[in-house]
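Undergrad: With the input below, show me the fold.
(chains A, B, C and D)
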Protein chains: 2
Amino acid sequence: MAQNTASKVNETSRSAVGRDGVLDIAARLFREQGYGSVSLRKIAEAAGIKAGSIYYHFGSKDEIVAAVLDAGIQVVHESMRDAVTALPADADGETVLRAAIRAHLRALLDVSDYTSANVRIFGQVPQSVRDANLPTRRAYEAEWDSLLSRLQEDGALKQDVDIRRLRLMLIGALNATLDWFDPDRGSADALSRTYADVFLNGILQRQDT
Amino acid sequence: MAQNTASKVNETSRSAVGRDGVLDIAARLFREQGYGSVSLRKIAEAAGIKAGSIYYHFGSKDEIVAAVLDAGIQVVHESMRDAVTALPADADGETVLRAAIRAHLRALLDVSDYTSANVRIFGQVPQSVRDANLPTRRAYEAEWDSLLSRLQEDGALKQDVDIRRLRLMLIGALNATLDWFDPDRGSADALSRTYADVFLNGILQRQDT
DNA sequence: GTCTATACTCCGATAGAC
DNA sequence: GTCTATCGGAGTATAGAC
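TA: Predicted structure coming up:
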């Protein structure tokens, strides 16, 4: 986010932040403190402006939150899709799934305040804001369902697992890392390997060695 | 919770709720609506009393939330420990783990507004309230670590998985069901079986059939 | 134990000057 | 684009009657 619109940069006022800057700051605060604890006054203070000035850029607090939520899904969606697309066309199912898991965790834990803010505050925002975010979410969920279905049809995944439920389990497990992930105890990439190991092969010691 | 203290029941005022009743209602509202959306006025209204009357039973809103959070962990802790203790002494690792998973999901999804409220609002409450809940949480986490370590020492679990990380992954995955679980699509017990299947054996189609 | 009444704080939002 | 000033509402909490 906050990619500079290089056009029409010659304006009179040189705000240190601008609309995208306010969004960046809001996303960071929402990720750090949750929805209820972040007031427009806090956002404004962190942005170096006054609360009333926020309304030049946004019509309401809901509008800010909605923008943060949508961007959060878009970032992780593109991250996941790009990671899978970048693989060789003949990559096997395990490789594909590992890449998707790594991309999701990277966006969530390393890259994006927007994605982590979305995961953290989605359950705290007003119903109308949640509803507005749903189409974007559905698209990302469909991407996962499509990927998992393909792997199952190729015979890489067990036939008896329901795709929707598997996606809910997988994304839910990955998103839960936000509550305890500590980069000092290991990178997001290393964590993604552990998740892939567990989901792919389980934790039971197998007798057939 | 709200177990009636059968002693000294002969009092003058016959409140329909009492302290435990207020707690029950608060837990349900927190589970349904989250922390920020539930005011003392809402709790009082649901309890059939006025907001000011809450302060006869509790010193502050934080005190209510803290009581709900502690009870939530205690319920799921006892549920899990009882389920494991009730097994035959010679139950194998897989059986033990399945029982623990089922007990956790039952408490979360079927039985207790306190447990579900805890999972839902823990990340939304003031830091001081979170801190107050930590000892109770640590005890439950230690119960899981003890169980998982025992299974690993018995050779039931793979040797290369870190117990703490495994516990975080497992509890996180189970708790995440709260966001999407729908009893119309299958029972909590059935869901617990799917989680056990995935965590124990993974989702990869195995060639050694 | 519950009521009414109220103090105090903070919030989202608006109006108008610059 | 940002400022100051302010409105109306809702929140937690307290005091004192019953």
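
Undergrad: Every contact and neighbour count from this point should use C-alpha atoms.
TA: Fine.

Undergrad: who's in contact with A:Ser149?
TA: A:Ser149 is in contact with A:Ile163, counting by Cα atoms under 8 Å, 6 or more residues apart in numbering or on different chains.

Undergrad: Provide a list of residue ranges in chain A with pLDDT below threshold.
TA: Counting by pLDDT under 70, chain A has low-confidence residues at A:1-16, A:208-209.

Undergrad: ok, how many other residues are close to A:Ala190?
TA: Other residues near A:Ala190 number 11, with proximity taken as other Cα atoms under 10 Å in any protein chain shown.

Undergrad: With A:Asp82 as the reference, measure out to it.
TA: Distance, A:Ala190 to A:Asp82, by Cα to Cα, to the nearest Å: 20 Å.

Undergrad: number of nearby residues for A:Ser60?
TA: 12.

Undergrad: Ok, the one 4 residues further on next?
TA: When neighbours are defined as other Cα under 10 Å, A:Ile64 has 20 of them.

Undergrad: go on, the one 3 residues further on?
TA: Around A:Ala67 there are 18 other residues, counting by other Cα under 10 Å.

Undergrad: cool, and A:Gly48?
TA: A:Gly48 has 13 nearby residues by other Cα under 10 Å.

Undergrad: Tell me the backbone dihedrals of the most centrally placed residue in chain A, please.
TA: For chain A, the residue nearest the mean C-alpha position is A:Thr115 (3.0 Å; Cα atoms, centre = their mean). Note on A:Thr115: its backbone torsions stand at phi -70, psi -40 [degrees, to the nearest 10].

Undergrad: for chain B, what are the nearby residues on chain A?
TA: A:34, A:36, A:94, A:123-124, A:155-159, A:161, A:168-170, A:172-174, A:176-177, A:180, A:198-205 (Cα under 8 Å from any Cα of the partner chain).

Undergrad: rerun that using 7 Å as the cut-off
TA: A:34, A:36, A:124, A:155-158, A:169, A:172-173, A:176, A:198-205 (Cα under 7 Å from any Cα of the partner chain).

Undergrad: could you flag which of those residues are buried?
TA: A:34, A:124, A:156-157, A:169, A:172-173, A:176, A:198-205 (16 or more other Cα atoms under 10 Å in any protein chain shown).

Undergrad: Of those, just say which sits nearest to DNA strand C.
TA: Nearest to DNA strand C out of those is A:Gly34 (Cα to the nearest atom of the strand; 11.5 Å).

Undergrad: need the longest helix for chain A.
TA: Counting by DSSP state H, the longest helix found in chain A is helix A:127-153.

Undergrad: Which residues does the next helix or strand after that one contact?
TA: Going down the chain from helix A:127-153, the next helix or strand is helix A:163-176, by DSSP states H and E. Identification of contacts with helix A:163-176 by Cα atoms under 7 Å, 6 or more residues apart in numbering or on different chains yields A:Leu105, A:Val119, A:Trp144, A:Asp145, A:Leu148, A:Ser149, B:Met169, B:Gly172, B:Ala173, B:Ala176.

Undergrad: Might you report the residue contacts of the fifth one?
TA: Read that as A:Leu148. A:Leu148 touches A:Ile163, counting by Cα under 7 Å, 6+ apart.

Undergrad: Tell me how far it lies from B:Leu170.
TA: Per Cα to Cα, A:Leu148 is found 21 Å from B:Leu170.

Undergrad: element containing the closest residue to A:Asn133 other than its chain neighbours, please.
TA: Setting aside the residues directly before and after it, A:Asn133 is nearest to A:Asp70 in space (Cα to Cα, 6 or more residues apart in numbering or on different chains), at 5.8 Å. A:Asp70 is part of helix A:61-85 when elements are defined by DSSP H and E.

Undergrad: tell me, how many neighbours does the nearest residue to A:Asp62 once chain neighbours are set aside end up with?
TA: Distances taken as Cα to Cα, 6+ apart place A:Val129 nearest to A:Asp62, at 6.6 Å, with adjacent residues excluded. For A:Val129, the count of nearby residues is 18 (other Cα under 10 Å).

Undergrad: Likewise for the one 4 residues further on?
TA: Using other Cα under 10 Å, A:Asn133 has 22 neighbouring residues.

Undergrad: my read: it touches A:Leu69, true?
TA: Yes. Using Cα atoms under 7 Å, A:Asn133 makes contact with A:Leu69 at a distance of 6.4 Å.

Undergrad: Next to DNA strand C, which bits of chain A? Give me the list.
TA: Within chain A, the positions near DNA strand C by Cα under 7 Å from any atom of the strand are A:37-42, A:51-53, A:55, A:59-62.

Undergrad: Nearest to B:Ala139 among those residues?
TA: A:Ser37 (28.7 Å; Cα to Cα).

Undergrad: tell me the phi and psi of that closest one?
TA: Dihedral angles (degrees, to the nearest 10) for A:Ser37: phi -90, psi -10.

Undergrad: if I look at it, how far off is B:Gln127?
TA: In terms of Cα to Cα, A:Ser37 sits 11 Å off from B:Gln127.

Undergrad: Those two: who's more crowded?
TA: A:Ser37 (15 against 12).

Undergrad: Nearest spatial neighbour of the residue nearest to the centre of chain A, chain-adjacent residues omitted?
TA: Per Cα to Cα, 6+ apart, closest to A:Thr115 is A:Gly72, 3.7 Å.

Undergrad: so what's that neighbour up against?
TA: Contact analysis of A:Gly72 by Cα under 7 Å, 6+ apart lists A:Tyr114, A:Thr115, A:Asn118.

Undergrad: of the buried ones among the residues of chain A next to chain B, list those near DNA strand D.
TA: Within these, nothing lies near DNA strand D by Cα under 7 Å from any atom of the strand.

Undergrad: Identify, from those residues, the entry nearest to B:Val22.
TA: With Cα to Cα as the yardstick, the closest approach to B:Val22 among these comes from A:Gln124, at 22.7 Å.

Undergrad: For A:Pro88, give its distance to A:Val96.
TA: 10 Å.

Undergrad: same deal with A:Gly21?
TA: 35 Å.

Undergrad: more neighbours, the two?
TA: A:Val96 (21 against 17).
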